[in-house]
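J.: What follows is a predicted structure for the sequence shown.
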Amino acid sequence: MNSADSWDLGHFVHLDKHKYRKQRKELEKLWRDDAFLVNPDAKVADRTIYKYWKNRRTLFSLMGVKRLYLTKELWFSVTPETVAKFVARFIRSCLPEAHTVVDVFCGGGGNSIQLAMYFPKVYGVDCSVEHLYCTYRNAQAYGVEDRIWLKYGDWRKLSRRGRFERVKVDCVFASPPWGGPGYQKEEVFDLETGLAPVGLREMLRGFLRISSNVVLFLPRNSDLAQISRVTRELLGDDARCKVLYVKTGEYMKGILCFWGEPFYNYSQGSEAAVGNVHDVGDGKHSNEDGVQHARESLSVAIDYSEDG
Ligand SMILES: C[S@@+](CC[C@H](N)C(=O)[O-])C[C@H]1O[C@@H](n2cnc3c(N)ncnc32)[C@H](O)[C@@H]1O
């Protein structure tokens, strides 16, 4: 039997417990219905998704090769594979001994899957059973479902209850909701009011309780001064945040923010980098300084455009 024909409830953390019977039933139904299977050859009727469908192979390179699953929301929000791969390889090369990574807001598994290619244990957390189901299905397509453990729940509650604080976590990664494509309209994206489910300060504070190594994928127009302020407030005046601008083709996809000593030595990390990434400084020093450094260290381009 193909492994994708069956699933292991053991990889859905705590879902066997009585209190999660509703979510378990929902998951069972999704599985029976083979819900959210993407037909890569059928042009989508929904015009709001069309743009993303056109670039479907940038989301998952196995699109059209393996069975992949996306809800409507995931069409907008999955991290494109080359970006997710870059992040995973960058973290791997900065944390060569790391074992366990938590992907908070794991969505359809774009990041969890790539992280699982480089780390033995990845926890994916999401408040949507549908999205956890898609992550599991997509992880099966990539053959990494055995390295991923999925936790259902609202991050605010999980964080308040100290979930993961007693697990040895080497790094927390998160690609939180940016509030839909509307984020692009703002000149500067306010990270306290614009991010969900909580602002940058509370989000970072919670993540730092789990690991001193934290990586966030944020809008390209994020307020760097805000990042700098929050970094110093939570970690002290000498603390730094490494910011990389992620560019795919000519398009700026977003920024990657790294907190944690191992990430500051990014010439080491950049050796494994796949992507055209611009470093604009660390939220403390001048941008110019950082840009120069990035030009020296990162140069491989990704071609993102695809027709039809
Ligand atoms: C931008 S998507 C993440 C995409 C993911 N990195 C990927 O590549 O597929 C954000 C995810 O956060 C989840 N989410 C939103 N609010 C949440 C909350 N309060 N707790 C946990 N997950 C939440 C959504 O269900 C969605 O799947």
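T.: The structure has been received and is ready for your questions.
J.: use CA for all of it now, contacts and neighbours both
T.: Fine.
J.: where does this structure have low pLDDT?
T.: 1-3, 181, 266-308 (pLDDT under 70).
J.: Close to the ligand: what parts of it are there?
T.: Contact residues of the chain with respect to the ligand, defined by Cα under 6 Å from any ligand atom, are listed as 77-79, 105-111, 126-128, 131, 153-156, 175-177, 197.
J.: Can you list which of those are found in helices?
T.: S77, G110, N111, H131, W155, R156 (DSSP state H).
J.: how much space is there between the closest residue in space to the third one that isn't next to it in sequence and G124?
T.: Right, N111. Leaving aside its sequence neighbours, N111 sits nearest to A84 (Cα to Cα, 6 or more residues apart in numbering; 5.0 Å). As defined by Cα to Cα, to the nearest Å, A84 lies at a distance of 14 Å from G124.
J.: So these two - more neighbours on which side?
T.: Legend: neighbour count by other Cα atoms under 10 Å for A84 and G124, higher for G124 (29 against 22).
J.: In this structure that one contacts N111, no?
T.: No. No contact is recorded between G124 and N111 when judged using Cα atoms under 8 Å, the distance being 9.2 Å.
J.: Next, show the common contact partners of the two.
T.: D103 (Cα atoms under 8 Å, 6 or more residues apart in numbering).
J.: before we move on, the earlier item: just the CA coordinates for the helix or strand hosting the residue nearest to N111, please, in PDB.
T.: Secondary-structure assignment from DSSP states H and E places A84 in helix 81-94. Listed next in PDB are the C-alpha coordinates belonging to helix 81-94 (Å, rounded to 0.1, in the frame of the first residue of the first chain):
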ATOM      1  CA  GLU A  81       9.300  26.300  -2.100                       C
ATOM      2  CA  THR A  82      12.600  28.100  -3.100                       C
ATOM      3  CA  VAL A  83      12.100  30.500  -0.200                       C
ATOM      4  CA  ALA A  84      11.200  27.800   2.200                       C
ATOM      5  CA  LYS A  85      14.200  25.700   1.100                       C
ATOM      6  CA  PHE A  86      16.500  28.700   1.500                       C
ATOM      7  CA  VAL A  87      15.300  29.300   5.100                       C
ATOM      8  CA  ALA A  88      15.700  25.600   6.000                       C
ATOM      9  CA  ARG A  89      19.200  25.400   4.600                       C
ATOM     10  CA  PHE A  90      20.200  28.700   6.100                       C
ATOM     11  CA  ILE A  91      19.000  27.600   9.600                       C
ATOM     12  CA  ARG A  92      20.700  24.200   9.100                       C
ATOM     13  CA  SER A  93      24.000  25.700   8.200                       C
ATOM     14  CA  CYS A  94      23.900  28.200  11.200                       C
END
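J.: Which stretches in this structure count as helices?
T.: Listed from the start of the chain, the chain has helices (DSSP H) covering 21-33, 47-54, 56-59, 72-77, 81-94, 110-118, 129-142, 155-160, 200-210, 224-235, 261-264, 266-270, 287-297.
J.: Tell me which of these sits most buried.
T.: When you average the neighbours per residue for each of the helices of the chain (mean count of other Cα atoms under 10 Å), helix 110-118 leads with a mean of 26.
J.: what's the angle from that helix to helix 129-142?
T.: Orientation note: helix 110-118 sits at an angle of 40 degrees relative to helix 129-142 (axes from the mean of the first three to the mean of the last three Cα atoms, to 10 degrees).
J.: List the contacts of helix 110-118.
T.: Contacts made with helix 110-118 from outside it, assessed by Cα under 8 Å, 6+ apart, are listed as 59-60, 78-81, 84-85, 88-89, 92, 101, 103, 106, 122-124, 135, 138-139, 142, 144, 147-148.
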